[in-house]
Every structure is written in C-alpha cells, then in structure tokens.
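Asks: No sequence on hand, only this structure:
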C-alpha cells in the first residue's frame, strides 16, 4: 500500500477487508502486529467441557467476536485495551460503545470485553463472562 493513502485509506481498506471477522491475506500488514510478535496456532484456546477458555485475549477480534489465532491490533480506549482485526474495527471500538460490551450468558449483566473471561464453543462462537466462576457455571462445572 502506498503511504500517501493515510489513515482514511487504511480505514476504507480495513472496512472492506473485514467482513464478519474474515481478514483477507493481502491486508495482513494492516491487521496484525509485527510478524515476530505473532503467536503460533499451537497456542489455540484450551478445550474444557465443550467450551474453550481463551487465554490470549489479544487473539480475539472483539468487534467480530471471533478467535483469529494470531495477534490482533491493540486498541486503547479510556484506559482499557480492546483488540480488532482491521482499521474498521479500530474505528468501531473508538466510536461504538456496543462494540466494547457484551452480556454474560449466565448472569445477564453487561461485561466490558477488555476485562472479560472469554470462551469459545465448538461452532466458533465467542462468549464473554464477568469472571471465572461465571465461565465455570456456564460449562456446568460450577
């Protein structure tokens, strides 16, 4: 990409490349941390009782609610760190409060994604929990 495009060009390209959490390979320089920081796929979430505990929050696009298997763009907002897969996600985190929050499926309370315990089911759905106890209760082990 040519440097003259600036931030507006990045946002437009990012929004086009980010459809439902899928990032096209040619936009990878926009969407990932430097290659040396990438985490190998071997560190995927740990399966526990049908739900995988996600220990690498930085590998989840919190806008698309998808585990990406590699480091995402850190987005600082009001002293908290969120993660997104593209420039469009960066803009959304910064401007749309609903992209930073989720509902704990056990308690029904709003959860800030930056501090949530995360889990992924076998279909790839991401769930956000208030705490480890809520995560365990959802798995039926609490």
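Replies: Great, that's in hand. This structure is a prediction, so every number in the text was calculated from the model and none was measured.
Asks: Please report the distance of residue 53 from residue 138.
Replies: 11 Å (Cβ to Cβ, to the nearest Å). (Glycine included, C-beta is placed from N, CA and C.)
Asks: Give the residues shared as contacts by the two.
Replies: Residues touching both residue 53 and residue 138 by Cβ atoms under 8 Å, 6 or more residues apart in numbering: residue 119.
Asks: which of these two has more neighbours?
Replies: residue 138 (21 against 18; other Cβ atoms under 10 Å).
Asks: neighbours around the nearest residue to that one once chain neighbours are set aside, how many?
Replies: Distances taken as Cβ to Cβ, 6 or more residues apart in numbering put residue 106 closest to residue 138, at 5.1 Å, once the chain neighbours are dropped. Residue 106 has 18 neighbours, counted by other Cβ under 10 Å.
Asks: got the contact list for residue 106?
Replies: Residues near residue 106 by Cβ under 8 Å, 6+ apart: 129-130, 134, 137-138.
Asks: Restricted to helices, list those.
Replies: 134, 137-138 (DSSP state H).
Asks: Strands along the chain, start to end?
Replies: Taking DSSP state E, the strands of the chain run over residues 46-48, 51-54, 60-61, 66-67, 73-77, 80-84, 101-103, 110-112, 117-120, 126-129.
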